[in-house]
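In: Provided below for reference: sequence and predicted model.
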Amino acid sequence: MEGKHYINGEWSTAGDGVINVMNPATGEQVGTVPNGGEDEATQAIEAAAAAFPEWSKTTAYHRSELLMKWHDLLMENKQEVAEIMTKEMGKPLAESIGEIEYSAAFISWFAEEGKRVYGRTVPASKEGKRIQVIKQPVGVVVSITPWNFPAAMMARKMAPALAAGCSFVAKPAKLTPLTAVRIYELAEEAGFPKGVINMVTGSASKIGKVFTSHPSVRKLTFTGSTEIGKELMKQSSETMLNLSLELGGHAPIIVLDDANIEEAVKGVVASKFRNAGQTCVCGNRIYVQESIVEEFSRKLQEAASDLKVGNGLDEGVQIGPLVDKDGYEKVAEHVKDAVDKGAKVLVGGDGKAENDSYFYNPTVLLNANSDMLVMNEETFGPVAPIMTFKTDEEAVKLANDTRFGLAAYFFTDSMTRGTYIAENLDYGIVGWNDGLPSAAQAPFGGMKESGIGREGGQEGLEAFLETKYISIQL
Ligand code: NAP
């Protein structure tokens, strides 16, 4: 597949050569995209700036119709788009189809929610005064997204931005740009006017510099690592960009002694092993109450042993490859470090890296402790380390002992204990007996170094709106 930029309603291959897109399951080339830079980013921003005045004046109903056409096209073509995703990213096909459906859910949610951008009238303290508050689209939005959810991370920015009346420029990740290209083809077919949606592929640092310095850009919405998020935040200070940052996580999972252990194991498998552990919200460290650790770890070991590893396009595969060599080496390093510091491997603990493909087996580690890398850094792989705790207070303390604050999970059937834990976890997303809490209608995002802002729900639309106060003296 030959991917192209989409700028001002035209497809273009401009740039310094191409970037090869590889299949991490086979090491084969899937396609190419142009290696764009400053010129393409500037052209895309200028096209979005030119389209903004007219687009922002269209009605929310009109924008909703276009969004729904795009939603329908995406759903009609979900198998094909999902296959592109699995080929360039590696996740099992069923998960890729799930991601397309999840992306489409954001589009339909915001197509509706855009009709409910209300202002308000506030009683004034002086006679003859009227106070109005109105909401307006923030302006030209630029977006930078990662490889681990090539469709959903872009859709949950693009749909609310367009619904709010903003024009948009996307930069997908270099490892997975082809899914984005196909989604843009479908958006073009849906009929968005020239310049309203644009996409550039290529050098992240060059495009990022233009995104953060061009005077026409009003908002940067970024999903990716905390390290790059901080760098972009610094760069954005010059133009005082409105920022949304969805960054890294290090999710704890707490299993209390009154939990339904079968359900807790299912929840942990869903949270930990989805996308081969390459998600920002996946459980990274598991705290289990001492009295149930034996039963819980045996059942988790059995469940992990049953997971089928392989090429995501093959029938029944549940764990695809890791996205690249760096990802594989990080996972192997975390496991080695844990074993060196006393962890016991219950299952897995190894992988296969050959011919530019990188498979790591689902791994369960027992006797984890707080000194291990795996208990302190994002692993981004299928590794489940188990550490024990004695009291609920200790579990919360261990869970909060991190600079991250994206997602946390816990399992208990006690309302009292659960309420205590939910209210004391310093995390933006909390799953209570739920390993998969993400949903288009709910606000998703992190505290602390996991970011700023929320995506999804009412908050996800608010992120693309400015508040204007009009004071009228009659
Ligand atoms: P990353 O290295 O930060 O890259 C993310 C995006 O930033 C990519 O498009 C990348 O482009 C771009 N980028 C890299 N350097 C840049 C620069 N100097 N200027 C501008 N853009 C730059 O992260 P990743 O490895 O792709 O993704 C994994 C991370 O994303 C994890 O930390 C994960 O937790 C986080 N994540 C967070 C959420 C959330 O909602 N909070 C969701 C998913 C993932 P290239 O690919 O072209 O280099």
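Out: Ah, there it is.

In: now the helices for the chain?
Out: 38-57, 60-76, 78-89, 93-113, 152-164, 177-190, 204-213, 226-236, 261-273, 293-305, 325-340, 392-400, 415-424, 457-462 (DSSP state H).

In: for the last one, which outside residues touch it?
Out: With C-beta atoms under 8 Å, 6 or more residues apart in numbering as the contact definition, helix 457-462 has outside contacts at 106, 110, 113-114, 117, 156, 160, 163-164, 440-445, 453-454. C-beta: built from backbone N, CA, C; applies to glycine.

In: what about the ligand: which of those touch it?
Out: With C-beta under 6 Å from any ligand atom as the criterion, these include none near the ligand.

In: ok so, going back, mean neighbour count and mean pLDDT added to the helices of the chain, as JSON lines?
Out: Shown next, in JSON lines, are these (neighbours: other C-beta atoms under 10 Å; pLDDT from 0 to 100):
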{"stretch": "helix 38-57", "mean neighbour count": "20", "mean pLDDT": "99"}
{"stretch": "helix 60-76", "mean neighbour count": "18", "mean pLDDT": "98"}
{"stretch": "helix 78-89", "mean neighbour count": "23", "mean pLDDT": "98"}
{"stretch": "helix 93-113", "mean neighbour count": "22", "mean pLDDT": "98"}
{"stretch": "helix 152-164", "mean neighbour count": "29", "mean pLDDT": "98"}
{"stretch": "helix 177-190", "mean neighbour count": "23", "mean pLDDT": "98"}
{"stretch": "helix 204-213", "mean neighbour count": "19", "mean pLDDT": "98"}
{"stretch": "helix 226-236", "mean neighbour count": "17", "mean pLDDT": "98"}
{"stretch": "helix 261-273", "mean neighbour count": "21", "mean pLDDT": "98"}
{"stretch": "helix 293-305", "mean neighbour count": "18", "mean pLDDT": "98"}
{"stretch": "helix 325-340", "mean neighbour count": "18", "mean pLDDT": "98"}
{"stretch": "helix 392-400", "mean neighbour count": "18", "mean pLDDT": "98"}
{"stretch": "helix 415-424", "mean neighbour count": "14", "mean pLDDT": "98"}
{"stretch": "helix 457-462", "mean neighbour count": "20", "mean pLDDT": "98"}
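
In: in JSON lines: these, plus distance to residue 284.
Out: Listed next are the helices of the chain as JSON lines, based on distance: least, C-beta to C-beta, whole Å:
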{"stretch": "helix 38-57", "distance to residue 284": "34"}
{"stretch": "helix 60-76", "distance to residue 284": "31"}
{"stretch": "helix 78-89", "distance to residue 284": "20"}
{"stretch": "helix 93-113", "distance to residue 284": "19"}
{"stretch": "helix 152-164", "distance to residue 284": "19"}
{"stretch": "helix 177-190", "distance to residue 284": "26"}
{"stretch": "helix 204-213", "distance to residue 284": "25"}
{"stretch": "helix 226-236", "distance to residue 284": "14"}
{"stretch": "helix 261-273", "distance to residue 284": "8"}
{"stretch": "helix 293-305", "distance to residue 284": "15"}
{"stretch": "helix 325-340", "distance to residue 284": "9"}
{"stretch": "helix 392-400", "distance to residue 284": "11"}
{"stretch": "helix 415-424", "distance to residue 284": "18"}
{"stretch": "helix 457-462", "distance to residue 284": "25"}
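
In: right, so of the ones you listed, which gets closest to residue 139?
Out: helix 38-57 (6.2 Å; C-beta to C-beta).

In: count the neighbours of residue 321 for me.
Out: 29 (other C-beta atoms under 10 Å).

In: let me know which of the helices of the chain is the nearest to residue 409.
Out: So among the helices of the chain, helix 261-273 is nearest, using C-beta to C-beta, at 5.9 Å.

In: what packs against that closest one?
Out: Secondary-structure packing of helix 261-273 (3 or more C-beta pairs under 8 Å, 6 or more residues apart in numbering; DSSP states H and E): strand 251-255, strand 283-289, helix 293-305, strand 383-389, strand 407-411.

In: tabulate those in JSON lines, adding columns for distance to residue 90.
Out: As requested, the helices and strands packed on helix 261-273 are exported to JSON lines (distance: least, C-beta to C-beta, whole Å):
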{"stretch": "strand 251-255", "distance to residue 90": "21"}
{"stretch": "strand 283-289", "distance to residue 90": "20"}
{"stretch": "helix 293-305", "distance to residue 90": "19"}
{"stretch": "strand 383-389", "distance to residue 90": "17"}
{"stretch": "strand 407-411", "distance to residue 90": "22"}
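
In: among these, which is nearest residue 241?
Out: strand 407-411 (25.9 Å).

In: near the ligand, which residues of the protein are found?
Out: 144-149, 153, 171, 173-175, 204-205, 208, 223-225, 228, 231-232, 246-249, 280, 378, 406, 446, 451.

In: no further queries at this time; thank you.
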